[in-house]
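# Structure, please.
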Amino acid sequence: MDIKKLTIGTIAGAVVFFLLGWLVYGYLLRNFMGHNPGAIGLVGRTEINFVFLGLGHVAQALLLTYILLKSNSNSLGGGLTTGALVGFLMGVASDCMMYGTTIVISKKGMAADVIAFTVICAVTGAVIGVLTAKKN
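Predicted structure coming up:
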């Protein structure tokens with residue numbers, strides 16, 4: 001495994017995850033998610049803990065970069081499709097388990113989150129794929 005590509009992909013992926021998360025969840029879906037909470041109601045923090053948010057994005061980016069490098073998805077298209085599949089499966093897995101065990105998320109919120117996370121992972125995967133592409 002090329003540690004330089006893993007590092008570059010992780011850093012770039014974390015930045016893209018953060019920016020797209022801010023755009024998608026912070027602006028585009030903010031009202032929708034606010035109107036479709038789970039039975040417990042709104043559970044968002046009044047102030048975001050950016051240290052843990054950043055650690056989460058780095059972990060997501062490292063996982064996605066690792067998967068893309070191992071699968072040789074080192075192009076825009078390869079990163080896009082692999083990122084979308086990984087995002088979809090991770091979103092379905094975590095949201096279904098959360099819905100099945102808590103009252104934090106609604107079915108509509110769960111569906112929107114899976115779609116949003118799939119798109120975010122697809123775009124992030126495309127960026128990582130381009131940045132880790134093999135140079136001829």
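# Not counting the helix or strand of the chain with the lowest mean pLDDT itself, show me its contacts.
Each helix and strand of the chain was given a mean pLDDT (mean pLDDT, DSSP states H and E); the minimum falls on helix 30-35 at a mean of 81. For helix 30-35, the external contacting residues (Cβ atoms under 8 Å, 6 or more residues apart in numbering) are 25, 42, 109, 112-113. Bear in mind the C-beta positions are built from the backbone N, C-alpha and C, glycine included.
# Going through those, which ones are buried?
25, 109, 112-113 (16 or more other Cβ atoms under 10 Å).
# and the two most separated of those residues?
Among the buried ones among the contacts of helix 30-35, the pair separated by the greatest distance (Cβ to Cβ) is 25 and 109, at 11.1 Å.
# What residues sit buried inside the least confident helix or strand of the chain?
For helix 30-35, burial by neighbour count (16+ other Cβ under 10 Å) applies to residue 33.
# Dump the C-alpha coordinates for that helix into CSV.
Output of helix 30-35 as CSV, limited to C-alpha atoms (Å, rounded to 0.1, in the frame of the first residue of the first chain):
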residue,chain,number,x,y,z
ARG,A,30,-31.5,21.3,7.5
ASN,A,31,-35.2,22.1,7.4
PHE,A,32,-36.2,18.6,6.1
MET,A,33,-34.4,16.8,8.9
GLY,A,34,-35.7,19.3,11.5
HIS,A,35,-39.3,18.5,10.3
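# just to revisit the earlier point, tell me which of the contacts of helix 30-35 is nearest to residue 56?
residue 25 (12.5 Å).
# Give me the distance between that closest one and residue 65.
Computed as Cβ to Cβ, to the nearest Å, the residue 25 to residue 65 distance reads 22 Å.
# Give me the nearest residue to residue 58, chain neighbours excluded.
residue 14 (4.6 Å; Cβ to Cβ, 6 or more residues apart in numbering).
# Might one say that the one you found is in contact with residue 53?
No: at 10.3 Å, residue 14 and residue 53 do not qualify as touching, with contact defined as Cβ atoms under 8 Å.
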